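> Below are the sequence and a predicted model; questions follow.
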Amino acid sequence: MGALLISGGRVVDPASGLDGVADVMIQDGRIAAVGTDLGGAERVIDATGLVVAPGFIDLHAHGQSIPADRMQAFDGITTTLDLEAGVMPVASWYRRQAEQGRILNYGAATNWAFARIGAMVGTNEESSLEAFGRAMRDRRWMDNVATDAETADIVARIKQGLNEGGIGIGILNAYAPGAGVQELLEVCKLAAAENVPTYTHVAYMARIDPKSAAEAYIRLIGYAAATGAHMHICHFNSSSKTDIARCYELVRNAQLKGLNITVEAYPYGTGSTVVSAAFFSDPDFENRNGLGYDSVQRVTDGYRFRDREDLLAAQAEDPSQLVLWHVLDIDKNERHRELLDMAVLYPDGAIASDAMPWSNPDGSAYYGDAWPLPADVTSHPRSAGCFTRFIRHWVRERQTVSLMEGIRKCSLIPAQILEKSTPAMLGKGRLTVGADADVLVFDYETLSDKADFNNMNRASEGVKHLVVSGTPVIADGVMDVDARPGKPVRRPSVAG
Ligand SMILES: [Zn+2]
């Protein structure tokens with residue numbers, strides 16, 4: 001492969017601290033040199049007036065498909081990982097991605113919820129959104145404490161997934177809030193023994209005790225302290241909701257005492273999940289969350305639910321139907337804006353999108369190859385514009401952090417969260433010599449998310465070039481629809 005030179009851009013690299021005009025030479029999928037007078041190359045990208053940064057790394061992306069990759073490419077992302085949910089079985093998932101080809105680098109954790117479904121219900125479907133919804137028709141795995149035998153089976157299934165290359169353990173605890181502390185201690189002990197992180201959607205998210213978000217974080221802090229496991233908190237914003245200030249203090253103090261806890265957040269006041277999620281079935285939902293049922297809105301047609309019966313009927317009809325959950329009113333409520341800031345600007349916290357799959361109008365998943373995406377597919381704006389929204393609003397417009405720090409939260413910090421357990425991440429999130437050539441070139445003045453809740457499938461603007469594993473996938477703002485350079489990010493010492 002010939003050399004590729006990205007010339008004359010403003011190189012911003014949090015790993016080296018470089019912020020200045022320089023050239024970046026790429027050879028054989030790696031950064032070969034950064035500096036001036038690097039000589040000629042077969043291909044040259046003129047980056048004059050543009051920012052050159054390490055490609056963004058998304059720790060939390062459920063799309064994992066060609067259409068999801070393309071939308072995320074325009075959000076500046078070069079590596080997209082499903083860690084909160086994860087997959088099961090792990091080996092066949094990686095095999096399928098390699099066979100179909102991916103645009104972005106990809107990877108997944110091993111899926112605790114599906115280990116639970118297998119061990120406690122006996123169905124052994126491959127993990128998917130549809131299978132997840134179907135599994136919610138039998139609530140034993142959601143509501144029950146596992147027996148000792150079931151716990152042993154759950155741990156064995158997770159261990160199998162780690163052996164097959166899963167890069168940690170995804171713990172969707174809020175979807176199985178009946179899981180007991182004894183089981184989760186065993187899961188976290190496994191994580192510590194295998195030196196992999198867990199990625200947790202905490203057990204509870206209500207604003208009041210018992211079973212409040214604060215109680216759930218106290219448990220998570222306890223797992224970190226008692227087992228030594230690295231506990232990564234997924235979407236700190238939407239798990240903490242209006243109680244972000246209290247939860248921030250809890251988690252921050254635990255970190256400052258030396259516990260191995262990391263945090264990610266996304267810059268929206270609205271979450272998204274399946275309609276059958278356990279937290280919607282809480283009989284005291286309105287009081288415990290301080291929100292009406294109309295805070296829950298179907299993705300495909302924008303319908304807002306009226307009451308509990310209405311929502312339960314939708315759960316029975318199509319349990320994997322995607323919904324939005326409006327939890328912070330950042331358009332009208334100043335305090336809610338401050339709370340979202342605390343989550344998004346969390347010290348050393350990563351930006352992570354929680355990008356959702358794309359859906360057809362009938363609610364089925366869209367995995368097609370059309371580009372641009374069909375006009376009628378839906379998801380959540382974060383699936384298209386999470387990182388560009390953060391850079392546009394928090395960095396450029398409000399200057400809450402420097403451009404260097406903003407890029408660090410999108411690239412180097414997520415790489416560092418993973419690099420102790422997945423050494424391949426030592427080569428990502430950086431523009432240093434020898435690093436993987438995952439490079440983002442963007443126009444800082446015009447970089448902007450375009451997706452909103454009425455137009456979820458609008459790609460972001462301002463990403464001019466995107467190089468994944470040394471291969472351009474966006475050139476002069478245009479997607480190369482044939483490019484499939486994405487490589488797996490996987491646990492080492494694993495074959496297959
Ligand atoms: Zn989640």
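Yep, that arrived.

> Please, where are all the helices along the stretch 1-150 of the chain?
Using DSSP state H, counting those that start in this stretch, the helices of the stretch 1-150 of the chain run over residues 66-73, 90-100, 112-120, 129-135, 140-143, 148-163.

> So which of those is nearest residue 271?
Ranking the helices of the stretch 1-150 of the chain by proximity to residue 271 (CB to CB) places helix 129-135 first, at 15.4 Å. Yep, even glycine has a C-beta here, placed from its N, CA and C like the rest.

> Can you name every helix or strand that the closest one contacts?
helix 112-120, strand 270-274 (3 or more CB pairs under 8 Å, 6 or more residues apart in numbering; DSSP states H and E).

> Tell me which helix or strand comes right after the last one.
Scanning forward in sequence from strand 270-274 by DSSP states H and E, the next helix or strand is helix 285-289.

> so which of the helices of the stretch 1-150 of the chain comes closest to residue 404?
Across the helices of the stretch 1-150 of the chain, closest to residue 404 is helix 66-73 (CB to CB), at 22.5 Å.

> how far does the closest one sit from the chain's center?
The chain centre lies 13 Å from the centre of helix 66-73; the measure is CA atoms, centre = their mean, to the nearest Å.

> could you check the angle helix 90-100 makes with it?
Comparing the axes of helix 66-73 and helix 90-100 via axes from the mean of the first three to the mean of the last three CA atoms, to 10 degrees yields an angle of 80 degrees.

> quick one: average pLDDT of helix 66-73?
Mean pLDDT, helix 66-73: 98.

> where does the residue nearest in space to the middle of the chain land on pLDDT?
Central residue of the chain (CA atoms, centre = their mean): residue 60, 1.2 Å from the mean position. The model reports residue 60 with a pLDDT of 98.

> what's the answer for residue 494, then?
53.

> Helix, strand, or coil at the residue lying closest to residue 240 once chain neighbours are set aside?
Nearest residue to residue 240, sequence neighbours excluded (CB to CB, 6 or more residues apart in numbering): residue 247, at 4.0 Å. At residue 247 the chain is in helix, as set by DSSP: H, G, I helix; E, B strand; the rest coil.

> Tell me how far residue 247 lies from residue 45.
43 Å (CB to CB, to the nearest Å).

> which residues sit in contact with residue 226?
185, 188 (CB atoms under 8 Å, 6 or more residues apart in numbering).

> Next, give phi and psi for it.
phi -80, psi -30 (degrees, to the nearest 10).

> Okay, and the beta partners of the closest residue to residue 294 other than its chain neighbours?
Among residues not flanking residue 294 along the chain, residue 304 sits closest, at 4.4 Å (CB to CB, 6+ apart). Beta-bridge partners recorded for residue 304 (DSSP bridges): residue 297.

> Near residue 304, how many other residues are there?
Residues near residue 304, counting by other CB atoms under 10 Å, number 15.

> so what pLDDT did it get?
Residue 304 carries a pLDDT value of 97.

> if we can go back for a sec, leaving out chain neighbours, which residue sits closest to the residue nearest to the centre of the chain?
residue 352 (3.9 Å).

> I'd say the one you found and residue 56 touch.
No: in this structure residue 352 lies outside contact range of residue 56 using CB atoms under 8 Å: 9.8 Å.

> all strands in the stretch 301-450 of the chain, in order from the N-terminus.
Applying DSSP state E, counting those that start in this stretch to the stretch 301-450 of the chain gives strands spanning 322-326, 350-351, 439-442.

> Tell me the strands beside the longest one, with direction?
This means strand 322-326. Counting by DSSP bridges, strand 322-326 is paired with strand 270-274 (antiparallel), strand 296-298 (antiparallel).

> What of the last one?
When sheet partners are counted by DSSP bridges, strand 439-442 sits next to strand 51-54 (antiparallel), strand 463-468 (antiparallel).

> List the contacts of that strand.
Under the contact criterion CB under 8 Å, 6+ apart, strand 439-442 has outside partners 6, 9, 24, 26, 31, 45, 47, 50-56, 76, 78, 431, 462-467.

> CA atoms of it as CSV?
Taking Å, rounded to 0.1, in the frame of the first residue of the first chain, the C-alpha atoms of strand 439-442 are listed here in CSV:
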residue,chain,number,x,y,z
VAL,A,439,-7.5,9.8,11.6
LEU,A,440,-10.2,12.4,11.5
VAL,A,441,-9.9,15.6,9.5
PHE,A,442,-12.6,18.2,10.1
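
> Lovely, talk soon.
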